[in-house]
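[1] I need the structure of the sequence given here:
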Amino acid sequence: MSRARQPPLVTGISPNEGISWTKVTIRGENLGTGPTDLIGLTICGHNCLLTAEWMSASKIVCRVGQAKNDKGDIIVTTKSGGKGTSTVSFKLLKPEKIGILDQSAVWVDEMNYYDMRTDRNKGIPPLSLRPANPLGIEIDKGRFPQKDLEALFPGMSADFTSENFSAAWYLIENHSTTSFDQLKMAVVNLKKQANKKNEGSLAYVKGGLSTFFEAQDALSAIHQKLEADGTEKVEGSMTQKLENVLNRASNTADTLFQEVLGRKDKADSTRNALNVLQRFKFLFNLPLNIERNIQKGDYDVVINDYEKAKSLFGKTEVQVFKKYYAEVETRIEALRELLLDKLLETPSTLHDQKRYIRYLSDLHAPGDPAWQCIGAQHQWILQLMHNCKESYVKEQKGNALLHSPMLDLDSDVRPSPIGHLSQTASLKRGGSFQSGRDDAWRYKAPQQVVFVEKLTKLVVSQLPNFWKLWISYVNGSLFSETAERSGQMERSKKNARQRQNDFKKMIQEVMHSLVKLIRGALLPFSLREGESRQYGGWEMKSELSGQWLTHVIQTVRLSSESLTALEIPNDMLQIIQDLILDLRVRCIIVTLQHTAEDIKRLAEKEDWVVDNEGLTSLPSQFEQCIIHSLQSLKTVLDCKPGEASVFQQQKTQEDVCQLSIGIMQVFIDCLEQLSTKPDGDIDTAHLSVDVSSPDLFGSIHEDSSLSSEQRLLIALSNCRYLERHTFLNIAEHFEKHGFQGVEKITQVSMESLKDLDQRLFEMYIEFKADPIVGSLEPGIYAGYFDWKDCLVPAGVRNYLKEALVNIIAVHAEVFTISKDLVHRVMSRVVEAVSEELSRLMQCVSSFSKNGALQARLEICALRDTVAIYLTPESNSSFKQALEALPQLSSGTDKKLLEELLNKFKSSMHLQLTCFQASSSAMMKT
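    Predicted structure coming up:
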């Protein structure tokens, strides 16, 4: 209960001095909000609460009690402001002997005065009291402090009627400024008063002398009569008669006044009883008032009244008071039980818990209510968590719950709308991988995701109050000033220190339950044996996608940040960091697996439309698919404060590396599948209905005129681009996102890609070079041609021209697809042709002169035509072919050979343009 008011401050008291039971008026500031708020009032150290009458927040009326101190402060204590201070003080005066004619503000009882001269107590009538001014001169009170005079005359008194009377003290106090002449007059006055007293006694005796004689005569007559009658008690004697008369007079008086005196006694008894009831009506009405205030919920009033009654009547020996106080204790005990029940009720707010604990501490409840409340809250949080899991498991299994798995964007189940997440849930790969499914799926979340959000919100909403309750218990802020004064706060702090380990176990149990429940929903394989029934039970039809796992990680991270803000020790939250790490690792694994599946589907998206560089959209789609996948993992890969790197474990590095290599290999296999299989053989069995729909992949068969050789060329062009650009870009993105083993990923992928490139290249060369090579031998020996018996050469024969035309066709086909592949393909074709030609020349046993000239002409014509594509291997083959021929012996033959070569080049100038160095230099790499 927080205090909103300042401590009381007493600024005035009227009167500021007086004797005991003097009625005073106290004025000041913040003197309470009402009669029930006033819980303490002392004047000079004496408790005046019983006579206090609260008038307003600035005025209190009471009577001064019998205090030991003669001067002291006025201290007011209120429940709302606590113990106050005072800027004024009250002086308590000793009762003075007041004459019958002196004015007095209080009633003064008549008393017996002590006569110092005779050492006897005499009942002196008020008129015969000694004068207040025995010296008979004007009294001038000095300004000497009373305490200084007491110290100067220890054990003495300035009261001239006292046994310890000190004349010096009296003169300093009353006549400190009196002149010496006036003191002489005072001496004269004292002598006159003494003489008057002696003369007054003698005159008194003289004036009553006749009366004394008459009394003496009467006594003598009575004495003589009694002696005559005798002293025996005889019937009829005068003494007996006198006794009888006196007895009859007494009986008659009793008869006359018995009824009156009886009524007087009864009235006095009734009056005394009413006075007692009126004076102690607070106690007699307290049991009923307690019940009424409990019904109204005014527990503060009950506690204040109980404290007041306890201070006044807690140790009373009066039976009637003890009886009523026992009734009060009975009702207070019932109140303690009621407050304890309310304290342990769940759910309840932190404010109500603190309030009930403070009430119970003020009522001195047995045990430790605060710790009982902490234990009850702990069990309640655990029960809420398990109930949450059970409800969602039943809902998933289709039991009698009407709640839809559809996330309600307006409800408080989710702290952040799922719509924002769904906008990035489907990655745009290549701009064409968009299904025709309805957008409503974006708002459907798996039950596990909804459960994790609900569970974390439950813990984040309940644990802060639980933690704050513990902190309040430790620092003692749960208790009021009453509990502080009674030492209950210190006992509570001691108990808190002893129970720190117990509370730490409570927090750890909550954290373990939270983590294991989330593991049971998302990572059931990470639970130990025997924990699946308690924390699992979910139907795992399919594993969550990387997007939903990313969302779950963000949810758990926000929960961890909220708990960290409570200043909960990090060792208690480490288990949550371990969970986040496992979720991050799992999210990366699942995302990479799904990425591999998406890349596998790229085979059905190839449209074979080639751009200016001889590339299709497939490499770009592959790169975009990888980039989008890595971008979706950015928040997962980034380390928040307190989190460890996701690649800190060697096994995780190896798994991610293998999956990355697998992704690259899947795309390489995709290229091989596209290059080697016709359209009808492409496997689409693994695709969903949406993905394999005709509308989506209608462009696959858009250009059905492509031959297998053209597909191989396109695949080779793509491989070349992948090796020189795409794979290097992907490696940079892997490094940018912190992947480990990027060099290994790149090396293995490059080797696999180069292997595929080489196989496809050899396949294409086999398709194109073999027919050309196979046509050489039949063409050479067409028409039963014989190298030993042939005519003088007239030019290059048709077989070589046909081979050149076929080579030109290959050049045209490669040039159309990719200019960068021309030199590579043409070089291999020329090598194959030159090798075959060398073999054929070496197989000839002998040449005639004309045959040798014809062979040299054809070999040189072919060599000079494809000179820009010659390699060391092809040069060697041409050299071996020429070495197999006889050397030209005459200059005529050489001249003829040169003329025929020029004629060949001139006649086929247009066809051989593609082999010119000026047009082909740009194609070399």
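
[2] got the residue ranges for the helices in the stretch 351-500 of the chain?
    Remark: helices assigned in the stretch 351-500 of the chain by DSSP state H, counting those that start in this stretch are 369-396, 418-422, 447-475, 481-485, 488-498, 500-522.

[3] Format those as JSON lines; extra columns: mean pLDDT and distance to residue 166.
    (C-beta placed from N, C-alpha, C; glycine too.) Output for the helices of the stretch 351-500 of the chain, formatted as JSON lines (pLDDT from 0 to 100; distance: least, C-beta to C-beta, whole Å):
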{"stretch": "helix 369-396", "mean pLDDT": "85", "distance to residue 166": "63"}
{"stretch": "helix 418-422", "mean pLDDT": "34", "distance to residue 166": "98"}
{"stretch": "helix 447-475", "mean pLDDT": "84", "distance to residue 166": "60"}
{"stretch": "helix 481-485", "mean pLDDT": "57", "distance to residue 166": "45"}
{"stretch": "helix 488-498", "mean pLDDT": "72", "distance to residue 166": "52"}
{"stretch": "helix 500-522", "mean pLDDT": "85", "distance to residue 166": "68"}
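
[4] and of those helices, who's closest to residue 595?
    Smallest distance to residue 595 across the helices of the stretch 351-500 of the chain (C-beta to C-beta): 18.4 Å, for helix 418-422.

[5] Make a markdown table out of the helices of the stretch 351-500 of the chain and add mean neighbour count and distance to residue 7.
    Shown next, in a markdown table, are the helices of the stretch 351-500 of the chain (neighbours: other C-beta atoms under 10 Å; distance: least, C-beta to C-beta, whole Å):
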| stretch | mean neighbour count | distance to residue 7 |
| --- | --- | --- |
| helix 369-396 | 18 | 27 |
| helix 418-422 | 15 | 54 |
| helix 447-475 | 20 | 22 |
| helix 481-485 | 16 | 11 |
| helix 488-498 | 15 | 19 |
| helix 500-522 | 19 | 34 |
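
[6] Quick one, which of those gets closest to residue 610.
    That would be helix 418-422 among the helices of the stretch 351-500 of the chain, by C-beta to C-beta, at 36.1 Å.

[7] Below-threshold pLDDT in the stretch 1-150 of the chain: ranges please.
    By pLDDT under 70, the weakly predicted segments of the stretch 1-150 of the chain are 1-4, 68-69, 95-132, 142.

[8] mind redoing it with 90?
    For the stretch 1-150 of the chain, the stretches with pLDDT under 90 are 1-6, 16-22, 33-36, 44-47, 49-51, 64-72, 80-81, 91-150.

[9] Could you check how far residue 193 is from residue 186?
    11 Å (C-beta to C-beta, to the nearest Å).

[10] quick one: residue 902 is in a strand?
    No. Membership of residue 902 in a strand is not supported by DSSP: H, G, I helix; E, B strand; the rest coil, which gives helix.

[11] Against residue 804, how distant is it?
    Distance from residue 902 to residue 804, by C-beta to C-beta: 16 Å.

[12] Of the two, which one has the most company?
    residue 804 (22 against 10; other C-beta atoms under 10 Å).

[13] List the contacts of that one.
    Residue 804 is in contact with 862, 865, 908, 911, 912, counting by C-beta atoms under 8 Å, 6 or more residues apart in numbering.

[14] Is it correct that the second one is in contact with residue 915?
    It refers to residue 865. Yes. Using C-beta atoms under 8 Å, residue 865 is in contact with residue 915, at 5.5 Å.

[15] For PyMOL, what selects the buried ones among the contacts of residue 804?
    Entered in PyMOL, the line below selects the buried ones among the contacts of residue 804, by 16 or more other C-beta atoms under 10 Å:
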select buried, resi 862+865+908+912
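
[16] Give me the next element, helix or strand, following the lengthiest helix in the chain.
    Looking across the chain with DSSP state H, the single longest helix is helix 238-279. Following helix 238-279 in sequence order, the next helix or strand is helix 281-296 (DSSP states H and E).

[17] what's the following helix or strand after that next one?
    Immediately after helix 281-296, counting by DSSP H and E, sits helix 299-313.

[18] Okay, angle between that next one and helix 281-296 too, please.
    160 degrees (axes from the mean of the first three to the mean of the last three C-alpha atoms, to 10 degrees).

[19] Give me the helices and strands touching helix 299-313, please.
    strand 38-43, helix 281-296, helix 319-344, helix 350-362 (3 or more C-beta pairs under 8 Å, 6 or more residues apart in numbering; DSSP states H and E).

[20] repeat that for 10 Å
    strand 38-43, helix 281-296, helix 319-344, helix 350-362, helix 481-485 (3 or more C-beta pairs under 10 Å, 6 or more residues apart in numbering; DSSP states H and E).

[21] Run the angle between the longest helix of the chain and helix 319-344 for me.
    10 degrees.

[22] Start from the N-terminal end of the stretch 551-700 of the chain and give the helices.
    Counting by DSSP H, counting those that start in this stretch, the helices of the stretch 551-700 of the chain are 570-600, 618-632, 634-637, 650-676.

[23] any idea of the pLDDT on residue 404?
    pLDDT for residue 404: 41.

[24] quick one, domains of this protein?
    Using the TED database, the domain parsing of the chain gives 9-92, 140-176, 279-344, 782-915.

[25] rewinding a little: now the helices and strands packed on helix 299-313 in a markdown table, with distance to residue 386?
    Shown next, in a markdown table, are these (distance: least, C-beta to C-beta, whole Å):
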| stretch | distance to residue 386 |
| --- | --- |
| strand 38-43 | 47 |
| helix 281-296 | 36 |
| helix 319-344 | 20 |
| helix 350-362 | 23 |
| helix 481-485 | 36 |
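
[26] Identify whichever of the ones you listed lies nearest to residue 577.
    Here helix 350-362 is closest among those (C-beta to C-beta), at 27.2 Å.

[27] how about the closest one: buried residues?
    353, 354, 355, 356, 357, 358, 359, 360, 361, 362.

[28] again with stretch 666-680
    Buried-residue list, stretch 666-680, by 16+ other C-beta under 10 Å: 666, 667, 668, 670, 671, 672, 673, 674, 675.

[29] Equivalent analysis for stretch 843-857, please.
    Neighbour-count burial for stretch 843-857 [16+ other C-beta under 10 Å]: 844, 847, 850, 851, 852, 853, 854, 855, 856, 857.

[30] weakest of the helices and strands packed on helix 299-313 in terms of mean pLDDT?
    helix 481-485 (a mean of 57).

[31] about what we covered before: closest to residue 180 out of the helices of the stretch 351-500 of the chain?
    The nearest among those, by C-beta to C-beta, is helix 481-485 at 60.0 Å.

[32] Just read off the phi/psi values of residue 536.
    In terms of degrees, to the nearest 10, the main-chain angles of residue 536 are phi -110, psi -130.

[33] and the gap between it and residue 454?
    Where residue 454 is concerned, residue 536 sits at a distance of 17 Å (C-beta to C-beta).

[34] what's the answer for residue 802, then?
    79 Å.

[35] just residue 356 next, same as before
    29 Å.

[36] Touching, residue 894 and residue 860? I think so.
    No. Applying C-beta atoms under 10 Å as the test, residue 894 and residue 860 come out as separate, 11.1 Å apart.
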